[in-house]
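# next input, structure requested:
(chains A and B)
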Protein chains: 2
Amino acid sequence: MNVSLISIGDELLIGKTINTNASWLGEHLSAIGFDISCVETISDSREAIMNSLTRLVDESKVVIVTGGLGPTNDDITKHILCEFFHTELVYNQQAYDGMARYVLARNQEINENNVTQAQFPKSARLIPSPCGTASGMWFQQGQSVVISLPGVPSEMKCMMTESVIPWLREMYELPAIVHRHINVAGIAESKLAEIIADWEAALPPQIHLAYLPSFGIVKLRMTCKATDTLTAHTLIKEQEEKLLPLIAQYVWGYDDETIEEVVGNLLVQYGETVSTAESCTGGNISAKLTRISGSSAYYWGSVISYDNSVKIRELQVSPTDIENYGVVSEAVVQTMASQVRRKIGTTYGVATSGIAGPTGGSEEKPVGTVWIAVASEKNVIAKRFQFGQEREENVAKAAFSALRMLQLLILQEHRN
Amino acid sequence: MNVSLISIGDELLIGKTINTNASWLGEHLSAIGFDISCVETISDSREAIMNSLTRLVDESKVVIVTGGLGPTNDDITKHILCEFFHTELVYNQQAYDGMARYVLARNQEINENNVTQAQFPKSARLIPSPCGTASGMWFQQGQSVVISLPGVPSEMKCMMTESVIPWLREMYELPAIVHRHINVAGIAESKLAEIIADWEAALPPQIHLAYLPSFGIVKLRMTCKATDTLTAHTLIKEQEEKLLPLIAQYVWGYDDETIEEVVGNLLVQYGETVSTAESCTGGNISAKLTRISGSSAYYWGSVISYDNSVKIRELQVSPTDIENYGVVSEAVVQTMASQVRRKIGTTYGVATSGIAGPTGGSEEKPVGTVWIAVASEKNVIAKRFQFGQEREENVAKAAFSALRMLQLLILQEHRN
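Predicted structure coming up:
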């Protein structure tokens, strides 16, 4: 069962607004078994809207149009849909009441622009909008549907969740779709493909595999389409059990988990705590950890030691070590990680020192060289990484790698 | 001059990845005078790619395709483009060298999948990729161009900036478009609109004004389209000189400047330094400051004092103050800001303490309450903010506001 999306709005085309509506719709429609054929982002013009509608209504069972339903003049979707479906706008009491309820609840006055929102296509079914002033439209011709929703994300999501998704489920018999992500790191995409080539070749036809790489990690996504959810889950589980032994050492999480969640869950599980001593990551590990609500249970604090004087004074890094090995060195990050956990009084310490770039590189230690250490009471583990040329990317990769090393250390401590 | 964009990738359709490439391209192409006709997001399938290409090459002078150029099996764009342009893949030394340079610089091995990346369409011009392994392709037929770039945002942006945009400028005569952003904060969008209403109504027809609000700041963008750049610049300058006196107290920067750049430039100018003591912002101010290459000249370090014990032990916050006023209070942030500048030895100190949410709020101090202080040798200035319900948004707004307060303090110190 396929669906096409049309996103209307010049602000999307010129990049002023990122099209998050399309990704939200894609996620929620594929979750209930639709195939998303395409997303077309077009301008607020009659010609563009008519062209896309004509083509896509032919190709897809369901077309969802977002945007162009507000009260101002440049919002023309409603008129064009009337033209397309050979119907006309008439006064609609339900549309008026919905708009009025919303406006009055906010102690605002109903103005002329609002009143035009009560004009509604004669042949369309009304989609109520509890979160805004514009009603949505549901045009049906036989087994095909065109749905028009406002472009404001909160209004669109409200209507989808409360009306459109339930109505689509009633109307169509949808297959069960299950996605599973295995999140790996520490291996290049091409190398990973080599290791799992035989497994991939033997996948049953119901399962589709995709590689989703970003900033040094790769997410392997299995998608299974079956007649029912249980069958899909079983098929995925079977394949996952064959896959995991091949790549166990690289797997750090599943599905939408982030590395800071994985580490946070482990720390909560063991009642342990962490602090960081960051140089090249400049607070990014700390910022990542504290993105999680409730992280105050296990994350206590950090010394961001960007300047060498801070490393020496606050973290007892030895000036001789800096002189002998450089500030981007095993000796220095080991001291930083051990000292910060002692200073802050946490179970673990994490430290980074590197050359984020674009300047500061040398032949021996080019831009992208980062030393990372993790420390517990019994262990200090340090590792050298060679990332790329891009400052932001290097920092992101270093922050991820540091948390990945921490995950491995926690697991190791509790295996022993 | 119009351009169409094709974004390839199932992960975009099912909403696992948000199509930020399209908005980046839209922004940068419209900035040099292109009109963006449409963005089509389609699946990794031969049929979908062929259909979109066939239609859009007809409609637009320039078509830019992103995605489907990686080394693995599900990346098929290259083959389909060969079919479309009736050409074939041949070994290309430049493509091989580019890939090899990138792989070897990262101490990785060249594998079979990488080697296939040296296969390149015979009739295409190669777009070098300094930031990845896949080369881009430039197909030209008369005055029309089809460009194919990788879907990884950093690689795509690299190629656009270094090759595609300069080549497009050479090839087409584009109108002069000048944008000017005036970046303001500390005033609501509707209030701002009121203050500048008369000025806005009197703008000449060549200048278009847009309000771009995000996370507590508003960027006012003037866009001027003219026959030549000098005329456009002159028109914009005239209007800017009329605008600035109306809103001077709210202006913190211009164009793409970030608040961390503005503050960084001031610190460099005066040879001064800064450190931070962060609680609710959890390292985000530090992370922002260190995003700037060269920030080590003025940013020395931070104490991220998430846990109260760290505030007391490392920043001499008085337990009595915490008991009397709470940890989110004027007294506590004042101490934090003053102590961190002493401890790290910097000209200025910046401190935050607040309730980022979603938990931890009370009637007196609801979620979104944040105290921020900035300190110099002579001054300590503290301010209470009331942000919203969203954790991430609250942290971002607090980090911005702290740096804005620092900007004002630096200016104040040097006015006296």
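# close to chain B, is whichever helix in chain A runs longest?
For chain A, the helix with the greatest residue count under DSSP state H is helix A:391-415. Yes. Contact check for helix A:391-415 against chain B, using Cβ under 8 Å from any Cβ of the partner chain: residues in range are A:391-393, A:395. Heads up, the C-betas are built off the backbone N, CA and C, glycines and all.
# domain ranges for chain A?
Here the domain assignment for chain A is A:2-171, A:176-254, A:259-415, based on automatic domain parsing.
# report pLDDT for residue A:66.
At residue A:66 the predicted local confidence, pLDDT, stands at 95.
# apologies, that question was intended for residue A:75.
Residue A:75 is assigned a pLDDT of 69 by the prediction.
# the least confident helix or strand in chain A by mean pLDDT packs against which elements?
Within chain A, judged by mean pLDDT, DSSP states H and E, the helix or strand with the poorest mean is helix A:112-116; its value is a mean of 79. With contacts taken as 3 or more Cβ pairs under 8 Å, 6 or more residues apart in numbering or on different chains; DSSP states H and E, helix A:112-116 sits against helix A:93-105.
# got the CA coordinates for the helix it packs on in CSV?
Output in CSV follows, covering the C-alpha atoms of helix A:93-105 (Å, rounded to 0.1, in the frame of the first residue of the first chain):
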residue,chain,number,x,y,z
GLN,A,93,-20.5,24.9,10.9
GLN,A,94,-18.1,22.2,12.2
ALA,A,95,-15.1,24.1,10.7
TYR,A,96,-16.4,27.3,12.2
ASP,A,97,-16.9,25.8,15.7
GLY,A,98,-13.5,24.2,15.7
MET,A,99,-11.8,27.4,14.8
ALA,A,100,-13.9,29.5,17.3
ARG,A,101,-13.2,27.1,20.2
TYR,A,102,-9.5,27.3,19.6
VAL,A,103,-9.4,31.1,19.2
LEU,A,104,-11.6,31.8,22.2
ALA,A,105,-9.8,29.4,24.5
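# now that helix: buried residues?
Buried residues in helix A:93-105, counting neighbours by 16 or more other Cβ atoms under 10 Å in any protein chain shown, are found at A:95-96, A:98-100, A:102-103.
# what lies in contact with that helix?
A:109-110, A:114-115, A:117-120, A:126, A:128-135 (Cβ atoms under 8 Å, 6 or more residues apart in numbering or on different chains).
# recalculate using a threshold of 6 Å.
For helix A:93-105, contacts defined as Cβ atoms under 6 Å, 6 or more residues apart in numbering or on different chains pick out A:110, A:114, A:117-118, A:120, A:126, A:128-129, A:133, A:135.
# so where do the strands sit in the stretch 101-250 of chain A?
Secondary structure of the stretch 101-250 of chain A, counting by DSSP state E, counting those that start in this stretch: strands at A:119-121, A:125-127, A:136-141, A:144-149, A:176-185, A:207-214, A:217-226.
# so for the fifth one, mean pLDDT?
Averaging pLDDT along strand A:176-185 yields 93.
# interface residues of the stretch 201-350 of chain A facing chain B?
When proximity is defined as Cβ under 6 Å from any Cβ of the partner chain, the stretch 201-350 of chain A approaches chain B at A:211-212, A:282-284, A:286-287, A:290, A:293, A:296, A:299-302, A:304-307, A:310.
# one step back: now the least confident helix or strand of chain A: how far from the chain's centre is it?
A distance of 37 Å separates the C-alpha centroid of helix A:112-116 from that of its chain, computed with Cα atoms, centre = their mean, to the nearest Å.
# got it, and stretch A:9-16?
21 Å.
# circling back to that earlier point, so which of the residues of helix A:391-415 next to chain B is the most crowded?
Sorting those by how many neighbours each has (other Cβ atoms under 10 Å in any protein chain shown) puts residue A:395 first, at 27 neighbours.
# quick one: contacts for residue A:403?
With contact taken as Cβ under 6 Å, 6+ apart, residue A:403 is in contact with A:259, A:263.
# sorry, back to before: redo the residues of helix A:391-415 next to chain B as JSON lines? Include pLDDT and distance to residue B:405.
Supplementary listing: the residues of helix A:391-415 next to chain B in JSON lines, determined by pLDDT from 0 to 100; distance: Cβ to Cβ, whole Å:
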{"residue": "A:391", "pLDDT": "95", "distance to residue B:405": "26"}
{"residue": "A:392", "pLDDT": "94", "distance to residue B:405": "25"}
{"residue": "A:393", "pLDDT": "93", "distance to residue B:405": "30"}
{"residue": "A:395", "pLDDT": "97", "distance to residue B:405": "25"}
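# coming back round to it: now flag whichever of the buried residues of helix A:93-105 is closest to chain B.
Of all the buried residues of helix A:93-105, the one sitting nearest chain B is residue A:103; the distance, using Cβ to the nearest Cβ, is 16.5 Å.
# and of the residues of helix A:391-415 next to chain B, the nearest to residue A:154?
Each of the residues of helix A:391-415 next to chain B was scored against residue A:154 by Cβ to Cβ, and residue A:392 proved nearest at 30.2 Å.
# now the closest one. Nearest residue, chain neighbours left out?
Using Cβ to Cβ, 6 or more residues apart in numbering or on different chains and skipping residues adjacent in sequence, the residue nearest residue A:392 is residue B:291, 6.8 Å away.
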